[in-house]
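Peer 1: fold the stuff below for me.
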Amino acid sequence: MLQINVSELRERAKDLHAGDMILLSGKVYTARDAAHARMIKAIENGEALPFDIKDAAIYYAGPTPEKSGLAIGSCGPTTSSRMDVFSPQLLDLGLAAMIGKGERSNTVRDAQMRNGALYLVAIGGAGAIAASHIKSSEIIAYSDLGCEAVRLLEFDKFPLFVGYDIYGKSIYEKQKEAF
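Peer 2: Next up is the predicted model:
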């Protein structure tokens, strides 16, 4: 199991393969459907995004309010396909990784491979465990969206699987082949 910092994702992507487990540390942004729609609208209007998308990682999550002693409440992944309509444009702008659960469209996979980006998979149903690997959480944009606001998280050895690698291989295809 590899320990990787978000800042190293782009360079380490060539060594990662579908199904590999990693422990990710560093700054990660949360964004779900409503935040993605606003980011795409900002791009179309020539406005700045709420964070630098270049080499960033976005976690598709809508965390619950923080609990005593933790930086955040339950913080499990959201179904990624809901962001498929937005993801290619963000990947083309330099997004290094998307984190969520479930399969992605061929359009997203093509954009991901074209840009040397990764799709990482978090374990659904384990939001409370995921929260224990988040050291800080701060809303940085779209606070009116509540749990869908864009947050800046600090991951500390957050467990993830490589869902789609830069070579077009999929953890989901590997799983289907195994059965």
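
Peer 1: where do the strands sit along this protein?
Peer 2: 2-5, 21-30, 57-59, 97-100, 118-121, 134-141, 150-164 (DSSP state E).

Peer 1: what's around the residue nearest to Leu90 when sequence neighbours are not counted, how many residues?
Peer 2: What sits nearest to Leu90 in space, not counting adjacent residues and going by CB to CB, 6 or more residues apart in numbering, is Ile53, at 5.9 Å. All C-beta spots, glycine's among them, are computed from the backbone N, C-alpha and C. By other CB atoms under 10 Å, 19 other residues sit near Ile53.

Peer 1: cool, and Arg38?
Peer 2: When neighbours are counted by other CB under 10 Å, Arg38 comes out with 19.

Peer 1: so what's it closest to, chain neighbours aside?
Peer 2: Tyr142 is the one closest to Arg38 (CB to CB, 6+ apart), at 5.9 Å.

Peer 1: so what's the residue count around the one you found?
Peer 2: 17.

Peer 1: state the distance from Val150 to Met1.
Peer 2: Remark: distance between Val150 and Met1 (CB to CB, to the nearest Å) = 29 Å.

Peer 1: more neighbours, these two?
Peer 2: With neighbours defined as other CB under 10 Å, Val150 and Met1 compare such that Val150 has more, 24 against 9.

Peer 1: how about the more buried one, nearest residue that isn't a chain neighbour?
Peer 2: Ala141 (4.1 Å).
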